[in-house]
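K.L.:
Structure, please.
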Amino acid sequence: MTAPAIRGVNHIGITVPDIEAAKSFLMEALGGQVIYQSFGPQDPARQGPEFERAVGAFPGTVVRAQAMVKIGTGPDIELFEMHGPEQAQPVRASDIGITHFALYTDDIDASVERFERAGGTPLTAPRAIPYTTEKGPGNKVCYCRMPWGTTIEFITAPDRMAYHDQTHLRRWQDEG
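P.N.:
Below is the predicted model:
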């Protein structure tokens, strides 16, 4: 029996405190496009033990809205406006679990400037990638925080990455 074929990452889910503000931010900061909104604050909330069990939510969590946003090529961003009695703060790089997602850009400086103008916070200026496997004269990264605290990384790699010498596998931006 053959293993099922995984085709790729479909979407990344992000819980936000205000879905309208989050959609606006993603559109302004990242050129996002709302593909659809399944339900919103005007609709009945999703809540209760069955919902909590299905998604692993803390008891008493209420989902007020859900929307799917497209940002360039790659996985979509699924936004949830959830409110609960014991909501944790956004994770940091040192926490266990998914700590950030990265967006590839051809112009990291312009992308970070746009992100900041829209209300995001860069943690540093764009800087050289520090890893030997990814270094190249123009290869850069910049970690940033969205207004609600989610961390994203901007990355650009116009120059050949050194990992090419170690494997035949390629990251998607290096294919073709």
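K.L.:
can you give me phi and psi for residue 74?
P.N.:
phi 120, psi -160 (degrees, to the nearest 10).
K.L.:
Relative to residue 74, how far out is the residue nearest to the spatial centre of the chain?
P.N.:
Centroid-nearest residue in the chain, with CA atoms, centre = their mean: residue 101, separated by 4.4 Å. Relative to residue 74, residue 101 is positioned 9 Å away (CB to CB, to the nearest Å). Just so you know, the C-beta spots here come from the backbone N, C-alpha and C atoms, and that holds for glycine as well.
K.L.:
do the same with residue 125
P.N.:
Distance, residue 125 to residue 74, using CB to CB: 24 Å.
K.L.:
Residue 101 reaches residue 12, doesn't it?
P.N.:
Yes: under the criterion of CB atoms under 8 Å, residue 101 makes contact with residue 12 at 5.3 Å.
K.L.:
Could you tell me which residues touch both of these two?
P.N.:
Shared contacts of residue 101 and residue 12, defined by CB atoms under 8 Å, 6 or more residues apart in numbering, are found at residue 75.
K.L.:
care to break the protein down by domain?
P.N.:
9-85, 89-176 (automatic domain parsing).
K.L.:
Highest mean neighbour count out of those domains?
P.N.:
domain 9-85 (a mean of 16; mean count of other CB atoms under 10 Å).
K.L.:
what sits against residue 76?
P.N.:
10, 11, 12, 35, 68, 69, 70.
K.L.:
Read off the pLDDT value for the first one.
P.N.:
In this case it means residue 10. Residue 10 carries a pLDDT value of 92.
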